[in-house]
Structures are given as C-alpha cells and as structure tokens.
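Build me a model from this:
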Amino acid sequence: MANREKFIITDEMIRGAESYIPYVDKLTIVAETAEACLEPVDRATDAIATETQLPIPQFYKERSGAKQFFLMYYFLTRYLHVEIEAAAWGDEEYDYYASSHIFNQLERFKSGDAGIKNKVFDLLYDYKQLKSMLEVEIYDLKKTRNSALDRLQDSISLFATPENVAKLNELMQKNLGELEVAQKKLAAKRGEAKTEAKPADEKPTEA
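Model prediction:
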C-alpha cells in the first residue's frame, strides 16, 4: 500500500457513478453481508459444543469494523464502478481506499459544479439508505439469535432427541469417571503422606 498513489475521485468518475442502486439489489447486498457482520461471544458454549459435537445455541455480537469493511467494497464497486475482485478485497485494499478518505473527497465536490454537486448529494443519500438497511438487518439478526425465548426453544429441541441425550450422558459418564480416578489418586497420596509422617517403631535399649 505504501507504494501506491492516493486514490483520487475525479469529476469523470462522479459523472459515471451510480446515484441509485435498485431496491432488490440493496436487499441482496444486505442479505449477503449481515450474517458476516456477526460473531459468537460465548466461549464456554463453544467448548461444550466442541466436546459434544452438538449445535449448542450461541450468543452473538457485531464484529467490530465488519460493517464498514463490506460497505466500502460495495460503495467502490457499485456506486463508483471501481473494478475490484471480491477475492482480492482484504485488509490492505480496505486500508488503501479508506486512507484516501473517499467520503471527505466527495463532500468537497458539494461546493463545485452544480451537476457534480447534485450527483454527489444523490449518491451519498442512496448510500446512506443502503447503510441504514444493513444496520437494521444486523440488529434484527443479532436480536433474534440472542433472544432468550428462541434460545430456550432451541435448547429444548436440541435435547429432545435420543441421540443428543445419549451424547450428553456419555460426556457426563466420562467426566464422572475422571473425577473418580482423581479422587482415588488424592486418597492414595494422603495415605502415603500419613505413613511417611508416622515415627518408626523403636525398640527399648537394654541397660
């Protein structure tokens, strides 16, 4: 990124930009992006799920920076028609365009040519609509996944099958067995400690 020149938005680029993305396309972008903006936060649940190989219901939070990461890609490719392969979009590409402060560049066009100025206003307004739709979808998806009632229903459904009950029983038996072995080892060590602490029998010496 250090060797690349700053990304500059030109008049020509704005004239050729899209000032409106169709509603259906916005919905598609939101649907493909919202889930990738969430991540699990309950590590204890992760450990149980790994041990039992059961899909334990999970708590989720929004991934910091994920929303901005995806929105930048769609802003560049869908509004400004910058050719960027999805597979090539990563941290370095994001930093390159973000460090060029493209939104501040667009703001500066608001005081210039009337046609360019109007196009920028329309473009940024439509982009804000896309951003708002994504934020609502992320919030609703997170709220649904973290709903106490939904988690309870998922848990009931999860443990209702004989197969899953058998897996949990197997795990409990394993843990109980390990606990029993540990207790026996501890008892043996205590017995050895008492033996070592007991003074040896001494025979009285003859006068």
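
Let me know the pLDDT of the residue nearest the centre of the chain.
With distances taken as Cα atoms, centre = their mean, the chain has Glu39 as the residue nearest its mean C-alpha position (2.4 Å). pLDDT for Glu39: 91.

Tell me the spacing between the nearest residue to it once chain neighbours are set aside and Ala17.
Distance criterion Cβ to Cβ, 6 or more residues apart in numbering; nearest residue to Glu39, sequence neighbours excluded, is Arg63 at 4.8 Å. Glycine gets a C-beta too; all of them are placed from N, C-alpha and C. Using Cβ to Cβ, to the nearest Å, one obtains 28 Å as the distance from Arg63 to Ala17.

Let me see the backbone angles for Pro40.
Dihedral pair for Pro40: phi -70, psi 150, per degrees, to the nearest 10.

where do the strands sit along the chain?
Assigned by DSSP state E, the chain shows strands spanning 38-40, 60-62.

about what we covered before: which one's more surrounded, Arg63 and Ala17?
The neighbour comparison of Arg63 against Ala17 (other Cβ atoms under 10 Å) goes to Ala17, with 19 against 13.

so what pLDDT did the more buried one get?
pLDDT, read off for Ala17, is 97.

One more: the one 5 residues further on?
On pLDDT, Pro22 comes in at 97.

picking up where we left off before, I'd guessed the residue nearest to Glu39 sits against Cys37; true?
Yes - between Arg63 and Cys37 there is a contact at 5.5 Å, judged by Cβ atoms under 8 Å.

what sits up against stretch 112-126?
When contacts are defined by Cβ atoms under 8 Å, 6 or more residues apart in numbering, stretch 112-126 is touched by residues 11, 14-15, 17-21, 79, 103, 106-107, 109-111.

And these, which is closest to Ser147?
Distance ranking of the contacts of stretch 112-126 against Ser147, using Cβ to Cβ, places Ile21 first at 31.1 Å.
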